[in-house]
Every structure is written in structure tokens, then in C-alpha cells.
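In: the sequence isn't on hand, but the structure is:
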């Protein structure tokens, strides 16, 4: 195959009719270009959405309580109940696959009334009673001081970690935050740290306006006893929380004497399922990218095949001469296939290069004009490019196959008669 | 060299078939220069094609230098053509995007001879036909006589057992024809076996033996006194 004369001939044949060669090559070029652009656009969307998820632990579910809808074990319908701190230990014991179980309590909420006072300033914020593990489930960057730790939990320290949004609203620009006190619903907490959450979706600002205090101090200060508002549960990698959630819910129903068929009493949200739904969307997008791209490419391939048929027709006499001179039919077949593969690969390469330039351009524009929601860094990875090359080689072979077959079907005697 | 016994060939033309060769018996010794003469439709080209393994006979035997030529697959036939036969065509049939030298070297390329060796040998044969200085010209830059001489060099280059020429002067004027025939005679003088198909009497007279063909049968096969082409040039 790596034969100087063979390649020379390939070039001679392909350059003998420049215009036609370029037009033919354009079909394949266009197909690959579309394929690359579609896949990179899909990837850009995927990157954007993934960035929205941030580094939140996605193998996570939330579970909370509502009132019962069925009477059970002598307990009435419409009963209100709460998870208890002891439930955490129960779950940990029964489900070793779980990584973090964070019981949480909350004050405030969406459009809550003012609940925090600092000097003469007041504000309405979400205040969470939390265990230190929450930072692993809802990542945040500690910008000054520290986050909660287990000593705070054990000693029920009245300390708080506040978001940058809270800091900006309650403090002067230069004011020292650490060591200062804020009053949450009449109870003083010392600020020991500030955080910043890395989210860029719609509630990004909301995320910075939260206050974290130790779970135990929260319960004591705000009279929650050993009640738990809701739980944030993350399973270990390799154990999808979606598979575990019904067992968890049933366990909680049993612990709290809920009728097994009472579907309302325990509420939950499966983040992992949500994440997977988005994942399957990515899968669908790349499928569409491949599907459309390959179809466009296919029409280019058919063009190549068509032209190769014409080339063979035009060269019928030449093929006849060559066979009269004693060229092996296989050698002729190889020649035609080589021409076809060469044409497809060269034009495909040009398509890949142009696609890469296009992506580069889009990235440059995105960088220059700031981030766009849900679209970051469109790109194709090496795997896709390799796949495209493999598709090209195979399609070059396919495109050349029929013409090559028809070339060796020509009998030398008939070919020579063609005047 | 060539041994043909009771050769038949017919072509299917729609529903009826055309019996072109009706039992040819014919043999050629090594070193002969044979003209096959006949009007058009006499079957002379068909005979040459069968001898050239471009076509297959329906019936009969054909031995080339003791090798029976029968039921060849395409690869084998190509191999035999390459090694045993050299073709010269009426319309030259040079490959028009290759230079004279490349055209001559083509049969050697199919023998997978290394490039350098191949070009040296092709150059030697081009020199023999007097076209050394035209070696890097394309066929379109050559005159008819020059093209035919390139074709002769190409037919010679693989040192075949038999040269087959189909109306080799058909597209040339008489002066050029005689020049080409002179070359053919020279090659024959070196001991090469040559078969020439022609319908021109003067060309046939320049051979050593004439076989007359009419309606698919040999009607006359005679040795003649060779007219040297040189006398006409």
C-alpha cells in the first residue's frame, strides 16, 4: 500500500479533474463538519448543565415527613410526626451502603420574615441546623474562618457560618466578621466563618444568603427537641441511591409506625434520578448528533461512490490496457479503493480541522462575551475524532467498493473496444 | 511457439449467435514474423484476442510455448499476459497521464520490479526504438509514429515470448507505417516471434509468412519473400 507509484497515480487521477474532486470532497467535508459541530454543541450543553449541578454529591436523596393518610397500629389518620435524631443511627446501622446522613433543621425559608439582627441591621435568611458532613454534600468554599465541626455539635456551641450575601447585607465593607455576634430569632450566635457557594444557576444569590449553625445548638436554641426537619442522605459510590430509597423510606415508615401502604406520609426527592434523567438527555443528544451527522456524511459518501463509478467508467479503456499489460485485477481494485479512501480521508480531515477551528471560534466568542447559561466549552474529545476517522475509513472503503467491483468486472477485451 | 488446434468461437448477438472462428488450425515457430490477413469480419482480431488471452475460445486447444492455455482465472491470465505476451494496438493505447518512460515501465511495475531497475530497463528499450530524449514527454506531446514506437517499447520491455500487433499501422500514414514496420522487422531479426494482424497487403508483404483468413477459416497459409521496409523509407 505504501508504494510510491501507487500514490503518485492516486494523486494524478484525483488532480486530473480538480473541480470535480473538490466538489466531491465537499460532500464528505460537510458531513464530518456537521457531525463535529453537532457533537460539540451537545457537549457544550452537557458541560453547561453539569456545571449547574456543580460538585454537589449527586448520589443523594432528601427525605422528610408529612401527615399520615392511613390509620395504623391504633394511631389515627392525619397524624403529624417527625423524624428523630435517633433515626440517623438506625439508618446508619441498617444501611451500611450510605456515606453521609445529615439530619437538618431550618428556620426561615422562601420569602420568610426578618429573623436575623446584627446591630441596627436586620435581614431574612435561611438558617440551618446542620452536621459538619453537609459541606461534603453541598460543597461550599470557606472564604474566612472555619466551618462547623463535631466539637461544636457535642458542646452545642452557639456559633454560625454565614454566606457572603449575609455578610454583605449585615456588615460594613471593612468590618471584621469573625468573632462578631448576630441575633437569630433572639438568640446570639458568634460568627466563626464565611462561605461562598459555587453555583451559577438562578438561585445562586439565594445560596449565598444562608446561615449554618450546629444542629444540636439549633435544636436547643429553637426548641426542636430531638426532632429532625428533613434528612439529606448520600450513598457510597457504586450504590445508586435510587435503588436504596424505597428501603430507606420503608424503614422510616416502620420506625414511625406508618401504614406500609401510606404513600404520602414520607416525602422524598431523588437527586440521583434527576441527575440520571439529565445524563440520559446527554446520551440522547449525542445520539442525535451522531445520527444526523452520519446521515449527512452518508450523502457525501454516496457522492464519492458516484464519482468513483464515473472515474471507473472514464478509465474503462485504461483499465483494459493495464489488464492487457498484465496487471492483476486485485491490484486495480486496490487502486480504486485507495483513491476512494484517500479522497474521503483528506476531505474528512479538512472537515475535522474546520470543525475544530469553528469550535475554537465559538469558544473565543464565549470567552469574550462572558458565560452563557447552560452552555460552556463546546468541544469534541479525541474519542469522537478517532470515531470520525474510523467512520471515514470505513465509508471510504464502502464508497470505493462498488466502483472497484465494477472496475474488475470489465473484461479487457470489452474495455479495449471502447473507443 | 504457438499451437492452435480446431479453434471455435462464436458471439451471442441477441437471440442468434455469430460463429466467428470455425475451426482454426495454426502454429507458429519461434522467430517467425507472421501476418494474419483478412477483410473486416474475417475473425482475425478475434483470433488475435484469443491468442492474447484477452478472450477465450469456445472449443479447441491452444498451447503457448508448451503451456496449455485453458480455464484461466483473471489473475492467472493477467500473469501470463504479463510474462509471455506483448501487445501493440492500432490506437496505441498509451496511458495518457503517464510519460513515455512510465508507460514503457508499466509491465515491469506489474512484475513488482524495483523502481530504479524498472526505469533503467524501460530507458534501454526506449533507446532501442529511438525515443530516449522523449522519455519524459506525455503521449499527447508525441506524434503518432512516436506513440506507436513507445507502445512497441512497452510491448518489448517484459521480454515476452510473442509480440501481438493488432493493425499497428492502421492509424499511421504510409511513411510512418514503414518506419514502424522497419522497427518490427529489426526486432524480428533479433529472434523475436511476432504476429501482425493487418488488412493492408504492403504491410503483410513485409512479414515472412502470411495467413489469409476469410469467414472464420484459414484459406491460405504461405511463406513469402520478405520485403524490407527500409527500401521504402
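Out: Cool, the structure landed. None of the values given here were measured: they were computed from a predicted structure.

In: low pLDDT regions in the chain?
Out: Just so you know, I chose chain A. A:1-2, A:54-55, A:109-111, A:198-204, A:371, A:373, A:417-419 (pLDDT under 70).

In: look at chain B instead
Out: Within chain B, the stretches with pLDDT under 70 are B:233.

In: surely residue A:35 meets residue A:291?
Out: No: if you go by CB atoms under 8 Å, residue A:35 and residue A:291 don't touch, sitting 9.8 Å apart. Glycine gets a C-beta too; all of them are placed from N, C-alpha and C.

In: comparing those two, which shows the higher neighbour count?
Out: Legend: neighbour count by other CB atoms under 10 Å in any protein chain shown for residue A:35 and residue A:291, higher for residue A:35 (28 against 12).

In: any residue of the strand or helix carrying residue A:367 up close to chain B?
Out: For residue A:367, the host element (DSSP states H and E) is helix A:329-368. Yes: interface with chain B: helix A:329-368 contributes A:329-331 (CB under 8 Å from any CB of the partner chain).

In: where's residue B:130 relative to residue B:157, distance?
Out: 15 Å (CB to CB, to the nearest Å).

In: which of those two has more neighbours?
Out: Shown here are residue B:130 and residue B:157; by other CB under 10 Å, residue B:157 has more neighbours (26 against 13).

In: who's in contact with that one?
Out: The contact partners of residue B:157, by CB atoms under 8 Å, 6 or more residues apart in numbering or on different chains, come to B:86, B:104-105, B:107-108, B:121-122, B:125.

In: can you tell me the closest non-neighbouring residue to residue A:235?
Out: In space, and not counting its chain neighbours, residue A:235 is closest to residue A:241: 4.5 Å by CB to CB, 6 or more residues apart in numbering or on different chains.

In: of all of the stretch 201-350 of chain A, which residue lies closest to chain B?
Out: residue A:326 (2.3 Å; CB to the nearest CB).

In: who are the contact partners of residue A:33?
Out: Residues in contact with residue A:33 (CB under 8 Å, 6+ apart) are A:351, A:354-355, A:358.

In: still on that earlier bit, after the helix holding residue A:367, which helix or strand is next?
Out: Next along the chain after helix A:329-368, taking DSSP H and E as the criterion, comes helix A:382-409.

In: between that following helix and helix A:329-368, how many degrees?
Out: 150 degrees (axes from the mean of the first three to the mean of the last three CA atoms, to 10 degrees).

In: how about helix A:382-409 and chain B, touching?
Out: Yes: against chain B, helix A:382-409 shows contacts by CB under 8 Å from any CB at residue A:408.

In: list the buried residues for that helix?
Out: Going by neighbour count (16 or more other CB atoms under 10 Å in any protein chain shown), the buried part of helix A:382-409 is A:384-385, A:388, A:391-392, A:395-396, A:398-404, A:407-408.

In: among the contacts of residue B:157, name the ones in strands.
Out: residue B:86 (DSSP state E).

In: closest to residue A:380 out of the contacts of residue B:157?
Out: The closest of the contacts of residue B:157 to residue A:380 turns out to be residue B:105 (CB to CB; 45.6 Å).

In: pull the longest helix from the chain.
Out: Looking at chain A here, since you left the chain open. In chain A, with assignment by DSSP state H, the single longest helix is helix A:271-314.

In: should've been chain B
Out: helix B:174-189.

In: which residues sit against that helix?
Out: Against helix B:174-189 from outside (CB under 8 Å, 6+ apart): B:31, B:33, B:129, B:143-145, B:148-149, B:152, B:156, B:163, B:165, B:168-169, B:172, B:194, B:196, B:200, B:202-203, B:206, B:208, B:226, B:228-230, B:232-233.

In: buried set for it?
Out: B:176-185, B:187-188.

In: how about stretch B:222-233?
Out: For stretch B:222-233, the neighbour count (16+ other CB under 10 Å) marks B:227, B:229 as buried.
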